[in-house]
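1. Mind folding the following:
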Amino acid sequence: MSKCKAVLDGKKISSIKVNTKKDQKDKNSK
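-> Numbers count the residues shown, from 1 in each chain. Model prediction:
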């Protein structure tokens with residue numbers, strides 16, 4: 001169970017990183 005949670009947390013962190021990159025691109029394009 002802890003392994004599953006770690007995988008989910010990893011996916012969450014990676015998705016957050018992707019979102020921050022998108023936000024930075026949007027701010028730069030404006």
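
2. Now the host helix or strand of residue 26: buried residues?
-> Using DSSP states H and E, residue 26 falls within helix 2-29. Buried positions in helix 2-29, judged by neighbour count with 16 or more other CB atoms under 10 Å: none. Using the backbone N, CA and C atoms, a C-beta is placed for each residue, glycine as well.

3. What mean pLDDT does that helix get?
-> Averaged over helix 2-29, pLDDT sits at 87.

4. How far off centre is it?
-> The chain centre lies 0 Å from the centre of helix 2-29; the measure is CA atoms, centre = their mean, to the nearest Å.

5. That helix packs against which elements?
-> The contact analysis (3 or more CB pairs under 8 Å, 6 or more residues apart in numbering; DSSP states H and E) places helix 2-29 against no helix or strand.

6. how far away is residue 10 from residue 3?
-> Residue 10 sits 11 Å away from residue 3, going by CB to CB, to the nearest Å.

7. go on, residue 13?
-> Distance, residue 13 to residue 3, by CB to CB: 16 Å.

8. Likewise for residue 12?
-> According to CB to CB, residue 12 and residue 3 sit 15 Å apart.

9. ditto for residue 20
-> Distance, residue 20 to residue 3, by CB to CB: 26 Å.
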